[in-house]
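Q: here you go, sequence then predicted model.
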Amino acid sequence: MIASPLRLRLDRDALVANWRTLAAMSGAAACGAAVKANGYGLGAREVVRHLAGAGCRDFFVATWSEALALADAGVAVSVLHGVRDADMAVALAASHARPVLNSVQQVRRWREAGGGACDVMVDTGMNRLGIAPEDVAAGLLHGLQVETLMSHLASADEDVPLNGRQRDAFAALRGRTGARRMSLANSAGIALGADYAFDLTRPGIALYGAAPAPVFTGRMRQVVTPEAQILQRRLVPAGEGVGYNLTWTAPADTEVAIVNLGYADGYLRCFSGKGTAMLGDRVLPVIGRVSMDLTAVDVSAVPDLGEGDWLALAYDLPATAALSGLSQYELLTGLGARFDRLWG
Ligand SMILES: *Cc1c(COP(=O)(O)O)cnc(C)c1O
């Protein structure tokens, strides 16, 4: 296979260290990992392999095709979106994966098909997916083999009374179902403290280097660094512009590297004139508009850099989210299929 002119450097040790940090913050609760959307863009199979090696046992995906991609990974997978009619054949046959049932209809569908172990999502106030606590009280889950009873926090990244209300509504279900375990907290929920951990936590974004709450700042290690190869280096004379609409004009003669990266790779136009490439300690500004497949960088400070050399883009998630206006989630999940994903 031909090497791509763009690659993601993925740091296995940082990923594992982040999971261990989150596991320690989860106290006595087990710590799982959300690997939906292809492991938030990193590659679900590799993320699962590395975290399973560190002792993680519970993984979460959104859909059954994501679950099938992990069929031989040797871990338990929960499918957050539950089962549509169209999923039933695959779901009943999958021994490694179980649905997270999200509605009265899904519970019926699973029960009538004689489905085995499942998880159940209860809506405690987000009004997205999940059955109502009243449905639980009315006996909807009787006779169902529930492995994990879950709920999801709407505002875990904010200090608002809703968090406590959701936790209390969820805690009130303890002992009311046959569920073996209860699980409430995503990454930001883990930061809310021991009362939110229950039996199992489900971090995603913080595993991959994000800081979704202040307590994570400086604690999570960067896992993902995009790198792009230089296609050509050119001298742009003072007064000339660069890129679409020539939005950047050279204030003086400027050495410019054109790198193989653009918005089709998830390096969006909001980085135009704002992003930076890094070379050791040196910070090299992105100039002009980011194109679909190309980006220009001012490399005047580095005389010996040219065609075939690689530049790393600054991609610390909290800082890059603040700079770009994108969320830390969008910064990861938008990274495209043209990157080679290289773990080191
Ligand atoms: C995505 C997701 C998670 C993980 O959330 P992060 O904010 O990435 O930690 C946990 N639980 C559910 C139900 C999810 O959809």
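A: It's in.
Q: just checking, Q106 touches H81?
A: No: contact criterion Cβ atoms under 8 Å: Q106 and H81 do not qualify, at 9.3 Å. Yep, even glycine has a C-beta here, placed from its N, CA and C like the rest.
Q: and the two? Which one has more around it.
A: Q106 (24 against 18; other Cβ atoms under 10 Å).
Q: pLDDT score for the more buried one?
A: We have a pLDDT of 98 for Q106.
Q: for the chain, what lies in contact range of the ligand?
A: 34, 36, 80, 152, 186-188, 202-206, 212 (Cβ under 6 Å from any ligand atom).
Q: go again using 8 Å as the cut-off
A: 34, 36, 40, 60, 62, 80, 100, 121, 129, 150, 152, 156-157, 185-189, 202-207, 210, 212, 329 (Cβ under 8 Å from any ligand atom).
Q: which residue packs closest to V215, ignoring adjacent ones?
A: A191 (4.5 Å; Cβ to Cβ, 6 or more residues apart in numbering).
Q: what mean pLDDT does the longest strand along the chain get?
A: Secondary structure of the chain per DSSP state E: the longest strand is strand 224-236. Average pLDDT, strand 224-236: 98.
Q: quick check, pLDDT for the most centrally placed residue in the chain.
A: Centroid check for the chain by Cα atoms, centre = their mean gives Y40 as the closest residue, at 3.2 Å. We have a pLDDT of 98 for Y40.
Q: report the contact partners of it.
A: A34, G204, I205, L207, Y208, Y329, L332, T333 (Cβ atoms under 8 Å, 6 or more residues apart in numbering).
Q: OK, contacts around the residue lying closest to it once chain neighbours are set aside?
A: The shortest distance from Y40 to any non-neighbouring residue, by Cβ to Cβ, 6+ apart, is to L332 (4.5 Å). L332 is in contact with Y40, G41, L42, I205, Y208, A210, V224, L317, counting by Cβ under 8 Å, 6+ apart.
Q: distance of L332 relative to L162?
A: 26 Å (Cβ to Cβ, to the nearest Å).
Q: then L294?
A: For L294 relative to L162 (Cβ to Cβ), the value is 45 Å.
Q: give me the more crowded residue out of these two.
A: Using other Cβ under 10 Å, the more surrounded residue of L294 and L162 is L294, with 19 against 15.
Q: against A71, how distant is the closest residue to the ligand within the chain?
A: Closest residue of the chain to the ligand, Cβ to the nearest ligand atom: G204 (2.6 Å). Using Cβ to Cβ, we find G204 at a distance of 21 Å from A71.
Q: of those two, which one has the most company?
A: G204 (21 against 13).
Q: report the contact partners of the more buried one.
A: A33, A34, V35, K36, Y40, F60, N186, S187.
Q: need these in JSON lines (columns: secondary structure and distance to L311).
A: JSON lines is the format used below for the contacts of G204 (DSSP: H, G, I helix; E, B strand; the rest coil; distance: Cβ to Cβ, whole Å):
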{"residue": "A33", "secondary structure": "strand", "distance to L311": "31"}
{"residue": "A34", "secondary structure": "strand", "distance to L311": "31"}
{"residue": "V35", "secondary structure": "coil", "distance to L311": "29"}
{"residue": "K36", "secondary structure": "helix", "distance to L311": "30"}
{"residue": "Y40", "secondary structure": "helix", "distance to L311": "23"}
{"residue": "F60", "secondary structure": "strand", "distance to L311": "34"}
{"residue": "N186", "secondary structure": "coil", "distance to L311": "33"}
{"residue": "S187", "secondary structure": "helix", "distance to L311": "30"}
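Q: so which of the contacts of L332 comes closest to D304?
A: V224 (27.4 Å; Cβ to Cβ).
Q: what sits against the closest one?
A: So V224 contacts L8, R9, L10, D11, G41, L42, Y208, G209, Y315, L317, L332, L335 (Cβ under 8 Å, 6+ apart).
Q: report how many residues lie close to the last one.
A: Read that as L335. 22.
Q: looking at it, it is touching L8, isn't it?
A: Yes: using Cβ under 8 Å, L335 is in contact with L8, at 6.4 Å.
Q: now list whatever residues contact both of these two.
A: V224, P226.
Q: what about D199, how many neighbours?
A: 17.
Q: could you find the closest non-adjacent residue to it?
A: R181 (3.9 Å).
Q: now do the contacts for that neighbour.
A: A30, E147, T148, L149, F198, D199, L200 are the contacts of R181 under Cβ under 8 Å, 6+ apart.
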